[in-house]
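Asker: sharing a model that was predicted from the sequence below.
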Amino acid sequence: MLRGLRDKVENLSAVVSMFDDGGSTGLLRDEFGILPPGDVRRCLLALADENGDNTLRELFTYRFEKDSSLKGHSFGNLLLTALQQITGSEAEAIRRAEKILNIKGRVLPVSFDNARLCAEMEDGRRVLGESAIDIPFRNPNLKINNIWLEPKAVANAEAVRAIEEAELIVIGPGDLFTSLIPNFLVKGIKEALARSRAKKVYICNLMTKPGETSALSAADHLERIIWYGVKPDLIICSQAEVDLNILEKYLADGQHPVVIDPERIAALGVELVVENLITAPELIRHDSEKLARLLLFVIPDPDLGSRDYMKTGIQLQ
């Protein structure tokens, strides 16, 4: 989504959850006491200026595979860690990386507090850590009853300001319980969203995720977001025929297309837009260009007022 919007809007800000604790990110977090750099790195890359030389992008995405002390680490994560050690500040490390990559926009950690994501499953068992929730070494059919942060975290003031000044706030796409909702658990974020007069759009995931959103429909996703205190004005869902051979690979991993249930969504008081936003052909992913062009139609226009997608009739196929 960020890549699609990068060259189409001004003052683009990405507010990023900072509670990942798995893989290279988790190792660096534990060893150096820094905030997790993984999601920040991915947003920086999405916003990086593509000037024809892919060297920096290749470096930031390079992952050491040879059996050594660096195995599994991303170069981008290591660079962000080094910049934090040099500057003594996570915020300044990100600013330096933004300059290196000449990004178009800003990447803002939702919080600088060191907190862990916790969850209670429907059987009452508690799970500590984003990676333990995200990678289900448990019954994948067990639903998540509730999630919270330990200890509590306070919002980054820049993230709050970006939310308050935004014309359009886009939630998702992303893992519901481990990437999206954790942002709302940070003190100050939910309140900033409530104060904001911007149009709020939720982009629903294309596929369910075993152990996290198994069997959840689009309305179920929306209900969870509303339950945690944020009500979008609009939900964007994608519907398109997918090559059966591709779909079977996802089904084998327990991932299923998210069912769109218009009547339940309408009952929640949220407008529904359904389009073909799937990229092709190897993966079931959102097409960044199609998604960006659609989002442009819900950004308020100072001269025309809010543009109503449903009245434009634009087709994105």
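Answerer: That came through fine. Residues are numbered from 1 along each chain as shown.
Asker: next, residue 118: phi, psi?
Answerer: When read as degrees, to the nearest 10, the backbone of residue 118 gives phi -130, psi 150.
Asker: show me the contacts for it.
Answerer: By CB atoms under 8 Å, 6 or more residues apart in numbering, the contact set of residue 118 is 126-129, 147-150. Glycine gets a C-beta too; all of them are placed from N, C-alpha and C.
Asker: got the buried residues for stretch 117-131?
Answerer: For stretch 117-131, the neighbour count (16 or more other CB atoms under 10 Å) marks 117-119, 121, 127, 129-131 as buried.
Asker: centre-most residue in this structure?
Answerer: Centroid-nearest residue in the chain: residue 174, 4.2 Å away (criterion: CA atoms, centre = their mean).
Asker: could you find the closest non-adjacent residue to residue 75?
Answerer: residue 62 (4.4 Å; CB to CB, 6 or more residues apart in numbering).
Asker: quick one: the one you found from residue 2, how far?
Answerer: 20 Å (CB to CB, to the nearest Å).
Asker: can you check residue 195 too?
Answerer: In terms of CB to CB, residue 195 sits 24 Å off from residue 2.
Asker: quick one: which of these two has more around it?
Answerer: Taking other CB atoms under 10 Å, residue 195 and residue 2 do not tie; residue 2 has more neighbours (22 against 11).
Asker: what helix or strand is the closest residue to the more buried one other than its chain neighbours located in?
Answerer: Distances taken as CB to CB, 6+ apart place residue 46 nearest to residue 2, at 3.8 Å, with adjacent residues excluded. Using DSSP states H and E, residue 46 maps to helix 38-47.
Asker: over to residue 117?
Answerer: strand 116-121.
Asker: before we move on, what about residue 293?
Answerer: Short version, using DSSP H and E: residue 293 is in helix 288-296.
Asker: swap in residue 248?
Answerer: Secondary structure (DSSP H and E) places residue 248 in helix 244-252.
Asker: export that helix as PDB, just CAs?
Answerer: Extracted as PDB, the C-alpha positions of helix 244-252 are listed here (Å, rounded to 0.1, in the frame of the first residue of the first chain):
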ATOM      1  CA  LEU A 244      -7.100 -22.900  -8.300                       C
ATOM      2  CA  ASN A 245      -3.400 -24.100  -8.300                       C
ATOM      3  CA  ILE A 246      -2.400 -21.000  -6.300                       C
ATOM      4  CA  LEU A 247      -5.400 -21.200  -4.000                       C
ATOM      5  CA  GLU A 248      -4.700 -24.800  -3.200                       C
ATOM      6  CA  LYS A 249      -1.200 -23.900  -1.800                       C
ATOM      7  CA  TYR A 250      -2.800 -21.500   0.600                       C
ATOM      8  CA  LEU A 251      -5.600 -24.000   1.600                       C
ATOM      9  CA  ALA A 252      -2.900 -26.600   2.400                       C
END
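Asker: just to revisit the earlier point, the residue nearest to residue 75: what's it in contact with?
Answerer: 74-76.
Asker: next, residue 227: phi, psi?
Answerer: phi -60, psi -30.
Asker: for residue 268, see how far away it is.
Answerer: Distance from residue 227 to residue 268, by CB to CB: 11 Å.
Asker: could you do residue 117 as well?
Answerer: Between residue 117 and residue 268 the computed distance is 25 Å (CB to CB).
Asker: residue 64 now?
Answerer: Taking CB to CB, one finds residue 64 at 46 Å from residue 268.
Asker: also residue 143?
Answerer: Distance, residue 143 to residue 268, by CB to CB: 19 Å.
Asker: try residue 10
Answerer: The value you get for residue 10 to residue 268, if CB to CB is used, is 32 Å.
Asker: which of these two has more neighbours?
Answerer: residue 268 (15 against 6).
Asker: so the more buried one touches residue 219, yeah?
Answerer: Yes: counting by CB atoms under 8 Å, residue 268 touches residue 219, with 6.7 Å between them.
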